[in-house]
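Undergrad: Take this sequence and fold it.
(2 chains)
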Amino acid sequence: MISWKNNYSPKITTFDEMVDEKGLPRLGAGEVCKDLPKLDQRGELRNRQVSADILMEKMGITFNVYNKDEGNVDRVWPFDIVPRIIDFKDWKRVEQGLIQRLAALNLFIDDIYNKQKIVKDKVFPEELLKEAPFYLKECMGFRPPHGVWCHISGCDLIRDGDGVFRVLEDNLRIPSGVSYVLENRQVMKKVIPELFENTNVEPVGNYPNALFDMLRSVSKRRVKNPEIVVLTPGIYNSAYFEHSFLAQQMGAELVEGRDLFVDSDDCVYMKTIEGPKRVDVIYRRVDDDFLDPEVFRKDSALGVSGLMRAWKAHKVTLVNAPGTGVADDKVVYAFVPKMIQYYLGEEPKLESVPTYLCYLEEDKKYVLENLNQLVVKPANASGGYGILIGPKASQKELAKCARQIKKDPRNFIAQPLINLSTVPTLTKKNIEPRHVDLRPFILTGADKSYVTPGGLTRVALKKGSFIVNSSQGGGSKDTWIVRS
Amino acid sequence: MLARLAQNFYWLGRYIERAENVSRMVETSLNIAYDYPNDIEYNWEQLVSIVGSDDLFQQLYENTSEINVVNFLLSHPQNPNSALSSIAMARDNTRSVREMLPRETWQHLNEFYLWIKKSCKGGIPKRKREEFMTQIIRSCQLFDGMIDSSLSRSRPYDFIVLGRYIERCDMVTRILDIHSLGEYDDYWESVQSGYILRSVSGYQMYRLSIREPVKFSRVISFLFENTDFPRSIAYGLSHIEQSLKGLPASKDIMVSLGETKKFLKMQKKKRDKREELTEYIDQFQIRLGNLHQEIASHFFAV
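TA: Just a heads-up that it's a prediction; the model follows:
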């Protein structure tokens, strides 16, 4: 049984999103705080959680883990039925911040591949550009339709100890997870409809329409119904469920590399039983490296020979554009506030996490002196590899890290450890605070932007843990933007 | 529709039908073999020849004993036409088209595959064979039922059905081919004809529709010509035609189909004589093979 006053007690040092320091509901959470304890009589909440788990499995809301013997092992991602609530007005500010951020990032990418004014004006250091791992020389001098490089992005946001939203990371290449946002909401409506009765929750179901409209808007060929396809690496990819889900929702063809070819007219065609059919826009879920064996990895069977040629001849639009990843790197991240000022002449509407760049002498000195207070990350690695969490590291680990920084300062950045906010979550016995992050998805089209109301909330199910990854005990929650 | 998906659906239809018919073929042969007088050896080798796998068989086995042939046809993972391989490939084909089929189809095929794979480990013991084959036939019928009762009559359906009937015509003629050889007296011919009918679940249907004694030549005619019995060649060809009419088929495909139908009609005298039946079946299979080639090159090799 939940009793907000007695049993649910978040730590004072963290920001709990449901209740404040006095245990009173925050803006937007009032009704849910009343409805949840009512629902919880005789363990009903637990029953609903079980129903949700069963439904998830039935609906096939899974991520694939391929196993040779059993084939597709559909693993269900743990889902917690207590919603994560964000006030509408707070969210609108975040939304504006995200749109602003993506506008600046798109201008940055376009500038980098064209005149490089930001480098000439010494706002962005030239030497960093040379080392950016996802920089593609093939893109130099190119401008995609409407100057949009990054059409679809997913920013990882956290809320700090004061509840302030901060960008932790920009995922600009091929972010995934949006299908869970839609499916989680479906499950919530089915298993715990009572919660929707008294609370005004922003709908999330419009994403496939917004995605379709955006893809349509960036077609180079001005035809009534441009042919839009989703390019997947295939059934063994862990996000295949999402590829197929989005294609299905948009009524677009889900294709693999071998279904497409580039003809002598530089146009892209798909092979259908009616013969070749021209393709205008490709929402590709295949990495740059594998896109075109003529230009990138020769051994790639996932891509399409000549695709870069077709793209550069403006015969097809690739979403996201190849080379977008140049802005998706931890050192570049630190420059986004400056980019916003430089390109837009505005102040950033959304905070980021203070970042120390070890290649700067002054920052390096600070980092080395405060190593046990900081989180140190290698600039060019991803997937959480090589991260040192200062306050939790041993003397030996700290010493090793210090040596690495001194040896190769360019490859390291450091950030203060941020105490992630918490949200009530069902545990085996009770309902307890657990740390969360948030990944909203931002669409940038010809003349419009769209931000998912809320986004994907990932929750660390282990007590005290900050790790929200599905592979390490993380789950997800439905995110509610509530008008009060 | 993407050519790759069309090909997946077509072969899905074929693989399911193949698994079912291989089981039917083995079931009939076992029945006949056990009825043989003990001093006459059943010709197991012909089963291998009839599915065109002599070379592969020789690589895998030393002799054409009953147990070797039956295991080769039902459960050998290296025989691409075994019931086990057919189901494995049917399942693989379904993986990428799951979303376009009724949900229960994938679930059923997956369970079917897991079961057959487990059952085939180490070969099928003699006393389990009957049950094993019956289960395969049932599971294939269940699949067909799911497709027929809950898949919209759209492109996926047309390609599955096209594959199903091409394969059925092919396999039914192969089953007949097994029995076209050898010398038989009237009594044995009648016994054999009964098995042929049972192997295609056609015994009662024959009885209800023909109302004359079971005779080899009548059975052959029934299985080639009867337009009402779903496992006859004529029925299969009419469904192939129906599926093709719903698809953007080429002229070459329709010409090839026309030739197959014409052959069935014009050359029917040949199949009345046992000694000419094998040649007749070979000729029919060549035409069916051409039809498949036309379908493959027009729809799949874009």
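Undergrad: and the helix or strand hosting residue B:8, how far from the chain's centre?
TA: If you go by DSSP states H and E, residue B:8 is part of helix B:3-35. Centroid separation for helix B:3-35 versus its chain: 4 Å, with CA atoms, centre = their mean, to the nearest Å.
Undergrad: Also stretch A:16-36?
TA: With CA atoms, centre = their mean as the basis, stretch A:16-36 stands 27 Å off its chain's centre.
Undergrad: Likewise for stretch B:78-85?
TA: Stretch B:78-85 sits 14 Å away from the centroid of its parent chain (CA atoms, centre = their mean).
Undergrad: per-residue confidence averaged over that stretch?
TA: Stretch B:78-85 comes out with an average pLDDT of 96.
Undergrad: Now the helix holding residue B:8: buried residues?
TA: Applying a neighbour-count criterion of 16 or more other CB atoms under 10 Å in any protein chain shown, one finds B:3-32 buried in helix B:3-35. Where you see a C-beta, it was placed from the backbone N, CA and C, and this is true even at glycine.
Undergrad: Excluding chain neighbours, what is closest to the residue of the stretch 201-302 of chain B found nearest chain A?
TA: Nearest residue of the stretch 201-302 of chain B to chain A (CB to the nearest CB) works out as residue B:302 at 3.7 Å. Spatial nearest neighbour of residue B:302, chain neighbours left out: residue A:271 (3.7 Å); criterion: CB to CB, 6 or more residues apart in numbering or on different chains.
Undergrad: Quick check: mean pLDDT of the host helix or strand of the one you found?
TA: Here residue A:271, judged by DSSP H and E, is contained in strand A:268-272. Averaged over strand A:268-272, pLDDT sits at 97.
Undergrad: now for the following helix or strand past it, which elements pack on it?
TA: Following strand A:268-272 in sequence order, the next helix or strand is strand A:275-278 (DSSP H and E). Packing partners of strand A:275-278 (3 or more CB pairs under 8 Å, 6 or more residues apart in numbering or on different chains; DSSP states H and E): strand A:268-272.
Undergrad: what does stretch A:300-314 contact?
TA: Residues outside stretch A:300-314 that contact it (CB atoms under 8 Å, 6 or more residues apart in numbering or on different chains) are A:138, A:142, A:145, A:220, A:233-234, A:256-258, A:260-262, A:266-268, A:282, A:286, A:289-296, A:316-318, A:321-322.
Undergrad: pLDDT below threshold where in the stretch 151-300 of chain B?
TA: B:181-183 (pLDDT under 70).
Undergrad: Send me stretch A:313-333 as PDB with only the CA atoms.
TA: The C-alpha coordinates for stretch A:313-333 follow below in PDB (Å, rounded to 0.1, in the frame of the first residue of the first chain):
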ATOM      1  CA  ALA A 313      23.200  14.500 -57.100                       C
ATOM      2  CA  HIS A 314      20.200  15.500 -55.100                       C
ATOM      3  CA  LYS A 315      18.200  12.600 -56.400                       C
ATOM      4  CA  VAL A 316      17.300  11.200 -53.000                       C
ATOM      5  CA  THR A 317      17.200  12.600 -49.500                       C
ATOM      6  CA  LEU A 318      18.900  10.700 -46.700                       C
ATOM      7  CA  VAL A 319      17.500  11.100 -43.200                       C
ATOM      8  CA  ASN A 320      19.700  11.800 -41.200                       C
ATOM      9  CA  ALA A 321      22.200  13.100 -43.700                       C
ATOM     10  CA  PRO A 322      25.500  11.300 -43.800                       C
ATOM     11  CA  GLY A 323      28.100  13.200 -41.900                       C
ATOM     12  CA  THR A 324      25.600  14.500 -39.300                       C
ATOM     13  CA  GLY A 325      27.600  12.700 -36.600                       C
ATOM     14  CA  VAL A 326      30.300  15.300 -36.800                       C
ATOM     15  CA  ALA A 327      28.200  17.200 -34.100                       C
ATOM     16  CA  ASP A 328      27.600  14.100 -32.100                       C
ATOM     17  CA  ASP A 329      30.700  13.900 -29.900                       C
ATOM     18  CA  LYS A 330      31.400  14.800 -26.300                       C
ATOM     19  CA  VAL A 331      33.900  17.600 -27.100                       C
ATOM     20  CA  VAL A 332      31.600  19.200 -29.700                       C
ATOM     21  CA  TYR A 333      28.800  19.000 -27.100                       C
END
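Undergrad: how far is that stretch from where the chain is centred?
TA: Worked out by CA atoms, centre = their mean, stretch A:313-333 lies 15 Å from the chain centre.
Undergrad: do stretch A:123-142 as well
TA: Mean-position distance between stretch A:123-142 and its chain equals 23 Å (CA atoms, centre = their mean).
Undergrad: so how far is residue A:237 from residue A:244?
TA: Computed with CB to CB, to the nearest Å, the distance linking residue A:244 and residue A:237 is 10 Å.
Undergrad: Among those two, which residue is more densely surrounded?
TA: residue A:244 (21 against 18; other CB atoms under 10 Å in any protein chain shown).
Undergrad: Do I have it right that that one meets residue A:256?
TA: No: with contact defined as CB atoms under 8 Å, residue A:244 does not count as touching residue A:256 (11.5 Å).
Undergrad: For the two, list the residues in contact with both.
TA: Here residue A:244 and residue A:256 have residue A:232 as joint contacts, going by CB under 8 Å, 6+ apart.
Undergrad: re the thing from before, hang on, isn't the residue nearest to residue B:302 packed against residue B:5?
TA: No: using CB under 8 Å as the test, residue A:271 is too far from residue B:5 to be in contact (10.2 Å).
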